[in-house]
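In: no sequence for this one, just the structure:
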C-alpha cells in the first residue's frame, strides 16, 4: 500500500521537495543579511551586554539600536508575515484533500478494495503517507523560518506575539498536520477535492483564530507586574515577555495609588517633569498582565499537542467514514 501511495503521489512529493528547497534557499540568503547586520551593527553585543536584565533604563537598554534594526528590516518582516502565515494551511490542503477525495473521484478504490486490501488499511495508509510528507516538509521549513526570525525576535521582543509566535518553533508542524487531516476528512465526506480545500480554508482559519485568541492566553495563569509611573527604569521588552489583555486590569493600565484605574496604556514620567503625572499623582503605577518569555516553548508544546490531538480525532473520523459510509 505504501508503494502504491508513492506511485500515485510521487510527482507531488517531488514538487513539495522542490518548493521546500527553494524556500530554504531564499530564507537562508535573506537571513544571512539580517544576521550580518545584527552582529556587525553592534546590536547583538549590546543585547548580550544586558545579560538578560529584566529592568533597563528608560533611555537605554539597546532600544535605539533595536528600533533602527527593526525599521530597516520591517518590509522583510511584513513579507514573512504575509507568506508564512498561510504555509501550513496550503501544504495541508495540498496533501490532505486529494488523499481520499482524488481516489474517490478517479474511482481507484473500486479496484483496490477488491484486491484483498481492507478499507481500514487503505484509509490509514493514505492518511499516514500524506501526514508524514506534510510533517517532514513543514519541519524543514519551520526549522529555517525559526532561524530566520532569530535576529528580529531579539530586536523586537515579539517572538511571543500573535502571528509571529505562529510561524516558528513547533506549532507550524502541528497546524499543517491538522490542516492535512481536516482536508482529508472533508475530502472523504464530500468526495470532491476542490470543495474539500475550500471548506478546509474556512475551518482552519476559524480554529486557528479561536485557539490563538481564546485558548492560548489561558494555557497557563498570567503573571502581574507593577512598576511606578515616575521612574528611571522600565521592564526590558527585548526579553520577549507576552503582554496580553485578559482578566484583571489587562495590559498597560495606569493605576492610582488608591487602586483606582486612571488610564489605559503605559505611562513613564521622569521625576523632573511634574506635569507628566499631575493628573494621576506621583505614586501612580503601571500594572501589566503577562506571560514571561521563559514559557514560550511550554506554550508551543501545549498548542502543538492540541492540534495533533484534533488531527488524530479527524483521522479516526475519516477512517470510520470510509469504512461505514462510503459505498
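Out: Sure, I can see it. Being a predicted model, the structure only gives us computed values, none of them experimental. Residues are numbered from 1 along each chain as shown.
In: Enumerate every residue touching the residue nearest to residue 230 when sequence neighbours are not counted.
Out: In this structure, residue 230 finds its nearest non-sequential neighbour in residue 269, 5.1 Å apart by C-beta to C-beta, 6 or more residues apart in numbering. Using the backbone N, CA and C atoms, a C-beta is placed for each residue, glycine as well. Applying C-beta atoms under 8 Å, 6 or more residues apart in numbering to residue 269 gives the contacts 229-231, 276-277.
In: for residue 304, same thing?
Out: Contact analysis of residue 304 by C-beta under 8 Å, 6+ apart lists 170-171, 173-174.
In: Over to residue 158?
Out: Going by C-beta under 8 Å, 6+ apart, residue 158 touches 152, 164, 240.
In: Give the buried residues for stretch 64-73.
Out: Residues of stretch 64-73 classed as buried by neighbour count (16 or more other C-beta atoms under 10 Å): 65-66, 69-70, 73.
In: Could you export the residues you listed as CSV, including secondary structure?
Out: CSV is the format used below for the buried residues of stretch 64-73 (DSSP: H, G, I helix; E, B strand; the rest coil):
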residue, secondary structure
65, helix
66, helix
69, helix
70, helix
73, coil
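In: ok, so of those residues, who is nearest residue 26?
Out: Nearest to residue 26 among the buried residues of stretch 64-73 is residue 73, at 14.9 Å by C-beta to C-beta.
In: of all the contacts of residue 304, which comes closest to residue 301?
Out: Using C-beta to C-beta, the contacts of residue 304 come closest to residue 301 at residue 170, 6.5 Å.
In: that older thread, how close does the residue nearest to residue 230 sit to residue 252?
Out: Distance of residue 269 to residue 252, computed by C-beta to C-beta, to the nearest Å: 15 Å.
In: Would you map the strands across the stretch 201-327 of the chain?
Out: Assigned by DSSP state E, counting those that start in this stretch, the strands in the stretch 201-327 of the chain fall at 223-228, 233-235, 242-243, 253-255, 261-264, 285-291.
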